Structures are given as C-alpha cells and as structure tokens.
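K.L.:
give me a 3D structure for the following:
(chains A, B, C and D)
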2 protein chains.
Amino acid sequence: MKQQEVFKAMADPTRRAILKRLQGGALSAGEIGADFDITPASLSHHFAVLKQADLVRTERRGQYIVYSLNSTVFEDLARMLMDLFPATPKSGGKR
Amino acid sequence: MKQQEVFKAMADPTRRAILKRLQGGALSAGEIGADFDITPASLSHHFAVLKQADLVRTERRGQYIVYSLNSTVFEDLARMLMDLFPATPKSGGKR
DNA sequence: GAGATATTTAGAAAACTATCTAAATATATG
DNA sequence: CATATATTTAGATAGTTTTCTAAATATCTC
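P.N.:
Alright, predicted model coming up:
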C-alpha cells in the first residue's frame, strides 16, 4: 500500500467528497461531475490521484468510464491509522 | 473535529513520522528534532500544523516544550474513515 | 541580570497542487 | 465514416506548502 499516495489523496476535500459520492455504488465520471462545480478536466485530475492511491477502480463501459470504491485499500488505511495512533496504549507497544 | 486540518496534517511524511515517534511517550521538540534532518524552525512549523489539527498536545516543562499524542482525535479520525469507507457494507449503513 | 539553551516567529525562495482552457483520444450512432 | 458525447492529456497560472536563514522570545544558571 502506498501510504503517501493514500494520505495525499485524502487530503483534498473534493476528493473526499468524490469517495463519499461513490459510497452508494459505481458512477460514471460525468455523473460524479454533475455534483461538483469544477471542470471535467479538473475532476479527471482528481480521479487520477484517487486511482494512483488505489482508492478507486475504473472500468470502461462503452462511452462512459465508471468509477467505484476499492474498499480493500480503505481497510488497509484504517488499519494503518490504528497502527499509527495507539488509542489505548497497551503494555507491549512497538516503542 | 476539524476534518480538513487533520487530513492535511497527516498528508506529510515528516509529520506522520513525528506522530510515530511520539507513540513511545511524550518528548521535547529537541528530542524529536534529533531524528530529523531538518532545521528546528521547519520542525516547529510541523508542530504547529499537528497542534492545529489537535493531533498533539503541548506542555512547557521549564526550558523545554513537551509534545504528546492526543489519542482522542486519533480515535475520531479512525471513526471518520470507517464512516467514509464502508469496508463491509452492512445493512443499516448511514446511507 | 548576562549568557546559554530551547523553541517559535517572520520573511523569502523553491517545490508542489488545484484549477483552468484548449486540444486530443475513445466510443457510439446516424 | 462524420458528428456528437465522454473523458483525458497538455500546458499555463494562481495559490499553498515546505523549507531555509535570521531574529525574537522564553527559561535556566551562574
């Protein structure tokens, strides 16, 4: 898992909103774009960042390109965070 | 919880390393700085970002300023992520 | 209180990011 | 195959972030 890529991807509010939007299921770039006041080109850039972080998957469906969440990496992220931040410090921490 | 501040803070590798370094317990700015090839001024900037995100706490101890993790916000973050990324979509999700 | 050590603040330079417009590529359809 | 629609790529610009050096502030010790 590319830790840096993932955190960088999550650091932008538009990208987090895109992820949120995808919770309901896969959507085409255009469908997602409809919710944002941003050009298709900029949106495409955000998709590229999310893809690079492996947070979303793409699939061409005819004319459209359909995006969906990659929940596997999401789990990794949660685990990584837990590891980074020991909420309840237990005896044998990695010091 | 200031979501944007937290994600922004986590997006930098140096800051994540600082958090990691603090897992073992509170440390002064100087002690932390010893591990990084960066000037005290730059380090201080990173501390400011972490503090702004409420990820660390500070306490002056005489001449030194001692930093420690704020695990409360860390838990918030983990929860927020879980919310954002439904790893295993269960029936009654928040939609 | 003068000098030493620890940390922060101010101001500037370099690197990076988000956004835009214009052009390119890919697919669908008449 | 020409045109329309969907998306990406290229190149530019504005804004933000990281880092530095120099100076300021705070505390300690003699």
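K.L.:
residues of chain A that sit close to DNA strand C?
P.N.:
A:8, A:11-12, A:14, A:37-39, A:41-42, A:45-46, A:49, A:60, A:62-63 (CB under 7 Å from any atom of the strand). Bear in mind the C-beta positions are built from the backbone N, C-alpha and C, glycine included.
K.L.:
quick one: is the helix or strand hosting A:R21 near chain B?
P.N.:
Applying DSSP states H and E as the criterion places A:R21 in helix A:13-22. Yes - Helix A:13-22 lies within reach of chain B by CB under 8 Å from any CB of the partner chain, at A:13, A:16, A:19-20.
K.L.:
give me phi/psi at the residue nearest the centre of chain A?
P.N.:
Nearest to the mean C-alpha position of chain A, by CA atoms, centre = their mean, lies A:L55 at 3.7 Å. The phi/psi pair for A:L55 (degrees, to the nearest 10) reads phi -90, psi -20.
K.L.:
so A:I38, which of the three states?
P.N.:
What DSSP: H, G, I helix; E, B strand; the rest coil gives for A:I38 is coil.
K.L.:
mind listing the strands for chain A?
P.N.:
For chain A, the strands defined by DSSP state E occupy A:27-28, A:56-61, A:64-69.
K.L.:
okay, the residue of chain A found nearest DNA strand C: pLDDT?
P.N.:
In chain A, the residue that lies nearest DNA strand C is A:G62 (2.7 Å; CB to the nearest atom of the strand). Per-residue pLDDT puts A:G62 at 94.
K.L.:
what's the burial count for it?
P.N.:
A:G62 has 7 neighbours, counted by other CB atoms under 10 Å in any protein chain shown.
K.L.:
buried among the residues of chain A next to DNA strand C? Need that as a selection in PyMOL.
P.N.:
The buried subset of the residues of chain A next to DNA strand C, as determined by 16 or more other CB atoms under 10 Å in any protein chain shown, is captured in PyMOL by this line:
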select buried, chain A and resi 8+11+12+46+49
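K.L.:
so which bits of chain A are right by DNA strand D?
P.N.:
Near DNA strand D, when you scan chain A using CB under 7 Å from any atom of the strand, you find A:28-31, A:33, A:40-41, A:43-45, A:47-48, A:58, A:63-65.
K.L.:
how about a cut-off of 6 Å?
P.N.:
Taking CB under 6 Å from any atom of the strand, the part of chain A that reaches DNA strand D is made up of A:28-30, A:40-41, A:44, A:47-48, A:63-65.
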